[in-house]
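Student: build the 3D model from these lines:
(2 chains)
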Amino acid sequence: MTVSLRDSITNGEAPARPQAPALKRRWLDFGQQLDWRRRLLLGLTGWLLFVFGWYLAAHAGLASERLFPGPVAVMNALVDLFMEQGFLGDVVSSIRRILISFSLAVAIALPLGLLMGAFARIDGLLNPLLGAFRYLPAPAFIPLLLMWLGTGDSQKIALLLIGVVFFLAIMLADVTRQVPASFIETAKTLGGGRRVVLWTVVFRHSLPGYMDTCRQMLAVSWTYLVIAEIVAATDGIGAMMMRAKRFVHVDDIMAGIVTIGLLGLAFDALFRLVYRWRFPYLRGAHQR
Amino acid sequence: MHTASGLIIEGAGKTFRAGGRDPRVALEGVSLQLPPGQVGVLLGPSGCGKSTLLRMVAGLEEPTAGALSLNGRPVTGPGRDRGMVFQSYTSFPWLTVRQNVAYGLKITGDHSSLREGAVEHFIQAVRLQDVADAYPHELSGGMRQRVAIARTLANHPELLLMDEPFGALDPETRWQMQELLLGIVRKERTTVLLVSHDIEEALYLGDVVFFLSSHPGRLREVIRPDFKKDVPAGDREALLDHPEYRRLDMHIRRLMSEEGSTQGQPA
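Tutor: Numbers count the residues shown, from 1 in each chain, chains lettered A, B, ... in the order given. I've put the predicted structure just below:
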């Protein structure tokens, strides 16, 4: 169609048939829906641009390659770490710390968030307390934790827990509060008591929101993990990076950063997968 | 008060006291009776407290004066005997149509009704058998409201409460839903108390229409469209054409416009 139009213009003639005017299409517009192929393509493009920019910056001679290695050197370092230096053990240690501390955080924050979101009195009791604790920077507890718990795993897990649990409780309470009052009232007039309404309506309605909140807070967990492992640790991704710093192995440090990024991406994908699988009723719900 | 059956409301009132402000009287001295098996409609202009009254019957709102009872038992809170259908869509999005309809029976542990097929019976009654395994977001507004009605009726309430249940639907769907509701209610002999601001809906559905005035809400008139006995059941055209229908319609319109004009005056 466009070809015939262009031909007719170059020939200086009017087009033979009047064409229906197409809607103006723009590359960026509000409310665009992308299929997974486009999404993947765009995602890969973003990554390629990043790696390419990194490559250019590393080889432009701004800094020595020792201090600012390019992507290839870092990939080589990553392979070497896994194959020769038993980096897998560090990664497993880090993941274990994340999983234990985050499970503990959810186990504490979820009941609190549910009860705070559902009952104003419990919210009134706990919100000012947790809200204040939330503002205390978790690393400030490190000296205390080192004295109380030593330099072992429990100290690191405690730090991760403190860094996440207060935020998590308050965010989960916010999710809980979004249950429509009419859902609760419907369940009451169908004969549901307090316990039944709490579980079959309030908790059940909030479940997808809880998952989403946990997914986001897990990213914060990784931040505190590195802090915990940098302070005093013999194993873990952060410990490896601190060791590498002593010998100015910048490529190893960067490999550690890349590893954390990839793990974060993997956990995120896992959460999304579970979300799609567990909550089929949310698929396409917002498209209507 | 001889036989304590049906819904009895005696001198119900509701005054809202927001801190520091003058108390606002939403309802005052409302007394009415609804015998079992009848459809009662609470009709009136906005601000007449008809929804507040309905929520009091449901046990979701506490009266500040008066007393309410259903079949001799005083209303002290929400319960299975008074199921409510809301104007907003309240079918639970995480449950399929069938699971939604079974919800009330599940949470109250009514296994005998579940066994006897109450769920399928009411899914068929509201004609949703083809979408019984669909989730609510796949359904239209009218279908979602039918889920809510089936869910409430499957629970065998003694009184079905409805708060402008068809208010959010388009006129065509609303008519269909009214006919569907009337058919089911006649067949199951359900007692219904329904809030409406639509005169046609009130006269079409109601055995008795309670007209409430506004500011504060008071029971102004009880209208019984008894002429409907002469009209073939559910025949809307014959009903709208009946001279008595037109007389009542005009009468209620006058009541409405009187309310409107007093509303405009400063108190």
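Student: pretty sure residue A:183 sits against residue A:200.
Tutor: No. With contact defined as Cβ atoms under 8 Å, residue A:183 does not reach residue A:200; the gap is 10.0 Å. In short, each C-beta sits where N, CA and C put it, glycine included.
Student: residues touching the residue of the stretch 151-267 of chain B found nearest chain A, list them.
Tutor: Residue nearest to chain A within the stretch 151-267 of chain B: residue B:155 (5.5 Å; Cβ to the nearest Cβ). By Cβ atoms under 8 Å, 6 or more residues apart in numbering or on different chains, the contact set of residue B:155 is A:190-191, B:80, B:83, B:104-105, B:108, B:110.
Student: how about it, phi and psi?
Tutor: phi -80, psi 0 (degrees, to the nearest 10).
Student: and what of residue B:99?
Tutor: According to degrees, to the nearest 10, residue B:99 has phi -70, psi -40.
Student: pick out the residue of the stretch 51-200 of chain B closest to chain A.
Tutor: residue B:80 (3.1 Å).
Student: tell me where chain B has strands.
Tutor: For chain B, applying DSSP state E gives strands covering B:7-16, B:24-34, B:39-43, B:65-70, B:73-74, B:82-85, B:159-163, B:191-196, B:208-213, B:218-223.
Student: reformat those strands as TSV; add distance to residue A:38 and mean pLDDT.
Tutor: Output for the strands of chain B, formatted as TSV (distance: least, Cβ to Cβ, whole Å; pLDDT from 0 to 100):
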stretch	distance to residue A:38	mean pLDDT
strand B:7-16	54	93
strand B:24-34	55	92
strand B:39-43	54	96
strand B:65-70	59	95
strand B:73-74	62	95
strand B:82-85	43	96
strand B:159-163	45	96
strand B:191-196	49	96
strand B:208-213	57	95
strand B:218-223	62	92
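Student: how about the ones you listed in a markdown table, adding mean neighbour count and distance to residue A:73?
Tutor: As requested, these are arranged in a markdown table below (neighbours: other Cβ atoms under 10 Å in any protein chain shown; distance: least, Cβ to Cβ, whole Å):
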| stretch | mean neighbour count | distance to residue A:73 |
| --- | --- | --- |
| strand B:7-16 | 19 | 72 |
| strand B:24-34 | 18 | 74 |
| strand B:39-43 | 26 | 78 |
| strand B:65-70 | 18 | 79 |
| strand B:73-74 | 10 | 81 |
| strand B:82-85 | 27 | 67 |
| strand B:159-163 | 24 | 69 |
| strand B:191-196 | 25 | 73 |
| strand B:208-213 | 23 | 81 |
| strand B:218-223 | 17 | 85 |
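Student: make CSV from the ones you listed and add distance to residue A:224 to it.
Tutor: Shown next, in CSV, are those (distance: least, Cβ to Cβ, whole Å):
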stretch, distance to residue A:224
strand B:7-16, 48
strand B:24-34, 51
strand B:39-43, 57
strand B:65-70, 56
strand B:73-74, 56
strand B:82-85, 47
strand B:159-163, 49
strand B:191-196, 54
strand B:208-213, 60
strand B:218-223, 63
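Student: sorry, back to before: what's the closest non-adjacent residue to the residue of the stretch 51-200 of chain B closest to chain A?
Tutor: residue A:191 (3.1 Å; Cβ to Cβ, 6 or more residues apart in numbering or on different chains).
Student: where's that neighbour relative to residue A:64, distance?
Tutor: Relative to residue A:64, residue A:191 is positioned 74 Å away (Cβ to Cβ, to the nearest Å).
Student: these two: which has the busier surroundings?
Tutor: residue A:191 (22 against 9; other Cβ atoms under 10 Å in any protein chain shown).
Student: what's the burial count for residue 140?
Tutor: Answering for chain A, as no chain was given. Neighbours around residue A:140, by other Cβ under 10 Å: 9.
Student: that answer is for a different chain, and I need it for chain B
Tutor: Neighbour number of residue B:140 under other Cβ under 10 Å is 12.
Student: residue A:55 now?
Tutor: Residue A:55 has 13 nearby residues by other Cβ under 10 Å.
Student: so how far is residue B:52 from residue B:212?
Tutor: 10 Å.
Student: ranges for the helices of chain B?
Tutor: For chain B, the helices defined by DSSP state H occupy B:50-58, B:97-107, B:111-115, B:118-125, B:141-154, B:171-188, B:199-205, B:236-241, B:243-264.
Student: can you check the stretch 151-288 of chain A too?
Tutor: Taking DSSP state H, counting those that start in this stretch to define them, one finds helices in the stretch 151-288 of chain A at A:153-177, A:181-189, A:194-197, A:204-231, A:237-246, A:250-278.
Student: for chain B, find the nearest of these.
Tutor: helix A:181-189 (3.9 Å).
Student: quick one: buried residues of the closest one?
Tutor: Residues of helix A:181-189 classed as buried: A:183-189 (neighbour count, 16 or more other Cβ atoms under 10 Å in any protein chain shown).
Student: quick check: pLDDT value at residue A:21.
Tutor: With respect to pLDDT, residue A:21 scores 78.
Student: that one: what secondary structure?
Tutor: coil (DSSP: H, G, I helix; E, B strand; the rest coil).
Student: backbone torsions only: list them for it.
Tutor: Here is the backbone geometry of residue A:21 (degrees, to the nearest 10): phi -70, psi 120.
Student: circling back: mind putting the helices of the stretch 151-288 of chain A into JSON lines with distance to residue A:25 and mean pLDDT?
Tutor: What follows is those, written out as JSON lines (distance: least, Cβ to Cβ, whole Å; pLDDT from 0 to 100):
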{"stretch": "helix A:153-177", "distance to residue A:25": "38", "mean pLDDT": "95"}
{"stretch": "helix A:181-189", "distance to residue A:25": "41", "mean pLDDT": "96"}
{"stretch": "helix A:194-197", "distance to residue A:25": "49", "mean pLDDT": "96"}
{"stretch": "helix A:204-231", "distance to residue A:25": "32", "mean pLDDT": "93"}
{"stretch": "helix A:237-246", "distance to residue A:25": "45", "mean pLDDT": "91"}
{"stretch": "helix A:250-278", "distance to residue A:25": "29", "mean pLDDT": "93"}
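Student: flag every residue of chain A that's near chain B.
Tutor: Proximity of chain A to chain B, by Cβ under 8 Å from any Cβ of the partner chain, involves residues A:180, A:182-183, A:185-192, A:196, A:200-201, A:204-205, A:207, A:279-282, A:284-285, A:288.
Student: if we use 7 Å, what do you get?
Tutor: Counting by Cβ under 7 Å from any Cβ of the partner chain, the residues of chain A lying close to chain B are A:182-183, A:185-186, A:188-192, A:196, A:200, A:204, A:281, A:285, A:288.
Student: helices and strands around the worst-scoring helix or strand of chain B on mean pLDDT, which ones?
Tutor: Among the helical and strand segments of chain B, the one scoring lowest on mean pLDDT, DSSP states H and E is helix B:243-264, with a mean of 84. Where contact means 3 or more Cβ pairs under 7 Å, 6 or more residues apart in numbering or on different chains; DSSP states H and E, helix B:243-264 is packed against helix B:199-205, strand B:208-213, strand B:218-223.
Student: could you find the closest non-adjacent residue to the residue of the stretch 151-267 of chain B closest to chain A?
Tutor: Using Cβ to Cβ, 6+ apart, the closest residue to residue B:155 is residue B:104 (3.6 Å).
Student: ok, the one you found - contacts?
Tutor: A:190-191, B:80, B:151, B:154-155 (Cβ atoms under 7 Å, 6 or more residues apart in numbering or on different chains).
Student: all helices of the stretch 1-150 of chain A, in order?
Tutor: According to DSSP H, counting those that start in this stretch, the helices that the stretch 1-150 of chain A contains are A:2-10, A:36-58, A:71-84, A:87-118, A:120-134, A:142-149.
Student: hmm, back to that, quick one: closest of the helices and strands packed on helix B:243-264 to residue B:175.
Tutor: Smallest distance to residue B:175 across these (Cβ to Cβ): 8.8 Å, for helix B:199-205.
Student: show me the contact partners of the closest one.
Tutor: Helix B:199-205 has contacts (Cβ under 7 Å, 6+ apart) with B:39, B:41, B:43, B:178, B:181-182, B:194, B:196, B:209, B:225, B:236, B:239, B:245, B:248-249, B:252-253.
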